[in-house]
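[1] Sharing a model that was predicted from the sequence below.
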There are 2 protein chains.
Amino acid sequence: MSEERAERVWRGLRSLVLERHERRREVCDALGMSFIRVKALRSLAASPKTMRELAADLLIDAPYATLVVDDLVRRGLARREVHPEDRRSRIVRVTPEGTEAAARADSILSAPPPPLLSLPPEDLDTLDRIVARLLSG
Amino acid sequence: MSEERAERVWRGLRSLVLERHERRREVCDALGMSFIRVKALRSLAASPKTMRELAADLLIDAPYATLVVDDLVRRGLARREVHPEDRRSRIVRVTPEGTEAAARADSILSAPPPPLLSLPPEDLDTLDRIVARLLSG
DNA sequence: CCATTTGCTTATATTTCTACAAATACCTCC
DNA sequence: GGAGGTATTTGTAGAAATATAAGCAAATGG
């Protein structure tokens, strides 16, 4: 049955990402902030957002988003700007320091784990193709 | 460069597991408990453990493990038994209700996401092999 | 305009997580 | 059988996360 195989694969993928090569702690230590702030910083570095959009992206509510952004602003990693078309709204944008910090987080989180690096090239190739397909599906 | 491809693959895997098909919230809602309790329950359902072993498995400290197990016991999902060979130590074991709840959690967490189920059989086969290799490495 | 809605903030409260110090009970080794 | 070490619990404190209510400013739509 392929259902069974799919389950084994899924458990394996979860195990790799969530247990074996989890890097939350490492990133939080490196940046000196909680993981939700790292997520916020990376989300904002990827593209500036209104508070509402950020809250939706992080799956948090608006008041908490305010606290998180307050903290990033206090650290000099982000700025609030008034939305040009709706002055109720703020666009949150990372500063150059924020960009740099987000890049540091990315480099830790995106670093492939050793087993992936020592995969035979043709396997890596195949995996690349399959993962792309899974992401597009 | 294969390093670059490995990075793309790793980012893709993280995205699949952590963003697209994250099921923490769902499991916590279904069982009515925080995720660390779900993890504890599943760990104990997989095999009974002493407090120390459980704490090590969950990467939490001993006092917090006591709180978590207290809660599971209060819910009737686990029991403490005196270790037969060391009366300082307790073996924590899930109850039948705990086994049932852990199975419910498993069925949510292990359910392969749709894109994985609609993968061509030969791709799933290959993926299965590669994931096994990554886990063993 | 005025009422209503929307976007955000402030305030407040609760739960969850993390950490550390100290107490208790038991084991082991001399 | 006493010293020192281990397993767990208790207590405490604080940070982080989550939720709700209330408020302000600006937009929208009669």
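    Cool, got the structure. Numbering: from 1, shown residues only, chains lettered A, B, ... in the order given.
[2] residues contacting the closest residue to A:Gly137 other than its chain neighbours?
    Using C-beta to C-beta, 6 or more residues apart in numbering or on different chains and skipping the chain neighbours, the partner closest in space to A:Gly137 is B:Pro115 (3.4 Å). (C-beta placed from N, C-alpha, C; glycine too.) The neighbours of B:Pro115, taking C-beta atoms under 8 Å, 6 or more residues apart in numbering or on different chains as the test, are A:Arg133, A:Leu134, A:Leu135, A:Gly137.
[3] per-residue pLDDT, B:Pro115?
    Predicted confidence (pLDDT) at B:Pro115: the value is 96.
[4] Could you look up the SS state of it?
    Reducing the assignment to helix, strand or coil with DSSP: H, G, I helix; E, B strand; the rest coil, the entry for B:Pro115 is helix.
[5] Tell me the buried residues within the contacts of B:Pro115.
    A:Arg133, A:Leu134 (16 or more other C-beta atoms under 10 Å in any protein chain shown).
[6] The contacts of B:Pro115 into a markdown table, with extra columns for pLDDT and secondary structure?
    Listed next are those as a markdown table, based on pLDDT from 0 to 100; DSSP: H, G, I helix; E, B strand; the rest coil:
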| residue | pLDDT | secondary structure |
| --- | --- | --- |
| A:Arg133 | 97 | helix |
| A:Leu134 | 97 | helix |
| A:Leu135 | 96 | helix |
| A:Gly137 | 80 | coil |
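[7] Any chance of JSON lines for the contacts of B:Pro115, columns distance to B:Val73?
    Compiled in JSON lines, the contacts of B:Pro115 are given as follows (distance: C-beta to C-beta, whole Å):
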{"residue": "A:Arg133", "distance to B:Val73": "45"}
{"residue": "A:Leu134", "distance to B:Val73": "40"}
{"residue": "A:Leu135", "distance to B:Val73": "42"}
{"residue": "A:Gly137", "distance to B:Val73": "43"}
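[8] restrict the contacts of B:Pro115 to contacts with DNA strand D.
    Among these, proximity to DNA strand D is found for none (C-beta under 7 Å from any atom of the strand).
[9] Relative to DNA strand D, which of the contacts of B:Pro115 is nearest.
    Proximity to DNA strand D was ranked across the contacts of B:Pro115 by C-beta to the nearest atom of the strand; first place goes to A:Leu135, at 25.0 Å.
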